[in-house]
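Below: sequence and its predicted model.
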Amino acid sequence: MLKLNHLCHHYLRPGQSAQDGTQPMIFDLQAEKGDIVALIGPSGAGKSTLLAMVAGFLNPDSGELHIAGQPITTQTPAERPLSILFQDHNLFPHLTVFENIGLGIHPGLKLSREDKENIVAAASRVGINKYLDRLPEQLSGGQKQRVALARSLIRQQPLLLLDEPFSALDPALRKEMLTLVKSLAKEQKITVLMVTHSPEDALKIANKCAFIYEGQVKVSGETQQMLGNPEDEALKKYLGI
Ligand SMILES: Nc1ncnc2c1ncn2[C@@H]1O[C@H](COP(=O)(O)OP(=O)(O)OP(=O)(O)O)[C@@H](O)[C@H]1O
C-alpha cells in the first residue's frame, strides 16, 4: 500500500557539494493496507524528513514512492492520496468547528447536503458534535485535536500521516486519542504512518514499527517483537536497555 524504494534526500548548505562528508538519508519502507506504522528513533535521525518526503513537502533527490499502487514521487502535496495531522492542529480561528471540518471536503466550503451530513457524522464519531458552532478558541487542546482528526478523516484518503499530534496532551487524553485513531483506522481501513518519540505510544497503537537511525530504516518489523525483544544494539541503546 505504501512503498518507499531508496527514497533519498541529502540536506546540503548553499555551496556545499554532495562529496563534502555529510551522508544522504536513504529510506526503504513498506506498509500494507490497514497497517499502523510507528516511526521511532533518536532526535535528528530523520523521522520528520521521511514523513516530509511522503507528504510531498520535501522533494527526494532520487528513489521512488508508491501509495496504493500509484507512483506519486512527483505529485504535489495536495494531489497525494493522504491526509496529515500535525501537533499544531492548524484550525482556522475565525471559522466554526463545523466549517473547519468542512474544509477537509472543500477549501471554499461549497458543501452539498450530503457533505453537511458527513460533517455531522464525522464530528459525532470523534465526540465533538456538541461543539459544531464553537470557534477553536472556545475548545480545549484535546477537543481541537478531535476537530483536526475529523477534518483529516472526512477526506477519506487511504493514508494518514501523524506527526506527533498528541504529544502536547496529558497522558490520559493522549491515550484516549491514540485509541480513537486506532479504531477509526480499523473502521475506515486506512494505513497510518506516525512519528512518535514514545515507544509506549508505538506499542499502544502500531502493529508495525520502524527504527530510524542515522538517516535510514535500521530495523523494522512487528512492534511487539521489535520493542519487546530488541536485538539491534542502536535500538537497545535508544530504548535504554
Ligand atoms: N532544512 C534542513 N536543512 C539542513 N539540515 C536539516 C534540515 N532539516 C533537518 N535537517 C537535519 O537532518 C537531520 C534529520 O532531521 P529530522 O528533523 O528529519 O530528524 P527527526 O528524527 O525528525 O528529529 P526530531 O526527533 O528531533 O524531530 C538532522 O540532523 C537535522 O539537523
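All right, it came through fine. Numbers count the residues shown, from 1 in each chain.

helices or strands next to the lengthiest helix in the chain in the packing?
Using DSSP state H, we find that the single longest helix of the chain is helix 171-188. Using 3 or more Cβ pairs under 8 Å, 6 or more residues apart in numbering; DSSP states H and E as the contact definition, the elements that helix 171-188 packs against are strand 36-40, helix 141-153, strand 159-163, strand 191-195, helix 199-205. Quick note: C-beta positions are derived from backbone N, CA and C, even for glycine.

Just send the ones you listed back as JSON lines, with mean pLDDT, distance to residue 237 and mean neighbour count too.
As requested, the helices and strands packed on helix 171-188 are arranged in JSON lines below (pLDDT from 0 to 100; distance: least, Cβ to Cβ, whole Å; neighbours: other Cβ atoms under 10 Å):
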{"stretch": "strand 36-40", "mean pLDDT": "97", "distance to residue 237": "13", "mean neighbour count": "25"}
{"stretch": "helix 141-153", "mean pLDDT": "90", "distance to residue 237": "32", "mean neighbour count": "23"}
{"stretch": "strand 159-163", "mean pLDDT": "93", "distance to residue 237": "24", "mean neighbour count": "23"}
{"stretch": "strand 191-195", "mean pLDDT": "95", "distance to residue 237": "20", "mean neighbour count": "24"}
{"stretch": "helix 199-205", "mean pLDDT": "92", "distance to residue 237": "13", "mean neighbour count": "19"}
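
Let me have those in a markdown table, extended by distance to residue 135.
Conversion of the helices and strands packed on helix 171-188 to a markdown table gives the following (distance: least, Cβ to Cβ, whole Å):
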| stretch | distance to residue 135 |
| --- | --- |
| strand 36-40 | 32 |
| helix 141-153 | 11 |
| strand 159-163 | 24 |
| strand 191-195 | 28 |
| helix 199-205 | 30 |
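
Nearest to residue 1, out of the ones you listed?
Put simply, out of the helices and strands packed on helix 171-188 the one that sits nearest residue 1 is strand 191-195, at 5.0 Å, with distance taken as Cβ to Cβ.

for the chain, what are the low-confidence residue spans?
14-21 (pLDDT under 70).

how is this structure carved up into domains?
2-81+157-239, 91-156 (automatic domain parsing).

Turn the ones you listed into a markdown table, columns for distance to the ligand.
A markdown table is the format used below for these (distance: least, Cβ to the nearest ligand atom, whole Å):
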| stretch | distance to the ligand |
| --- | --- |
| domain 2-81+157-239 | 3 |
| domain 91-156 | 19 |
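
Residue 212 versus the residue nearest to residue 162 when sequence neighbours are not counted, what's the distance?
Nearest residue to residue 162 in three dimensions, chain neighbours excluded: residue 194, at 4.0 Å (Cβ to Cβ, 6 or more residues apart in numbering). According to Cβ to Cβ, to the nearest Å, residue 194 and residue 212 sit 12 Å apart.

who touches both of these two?
Shared contacts of residue 194 and residue 212 (Cβ atoms under 8 Å, 6 or more residues apart in numbering): residue 39.

thought residue 48 was touching residue 195?
Yes: proximity of residue 48 to residue 195 meets the contact threshold set by Cβ atoms under 8 Å, at 6.4 Å.

intersection of neighbour lists for the two?
Here residue 48 and residue 195 have residue 163 as joint contacts, going by Cβ under 8 Å, 6+ apart.

Near the closest residue to residue 220 other than its chain neighbours, how many residues? Count them for me, please.
With sequence-adjacent residues excluded and distances taken as Cβ to Cβ, 6+ apart, residue 220 is closest to residue 210, at 4.2 Å. Residue crowding around residue 210 was assessed by other Cβ atoms under 10 Å; the count is 29.

these two touch, right, residue 210 and residue 222?
No: applying Cβ under 8 Å as the test, residue 210 and residue 222 come out as separate, 11.3 Å apart.

Please enumerate the strands of this structure.
Per DSSP state E, the chain has strands spanning 2-9, 25-31, 36-40, 62-67, 70-71, 82-86, 159-163, 191-195, 208-213, 216-222. These are given in chain order.
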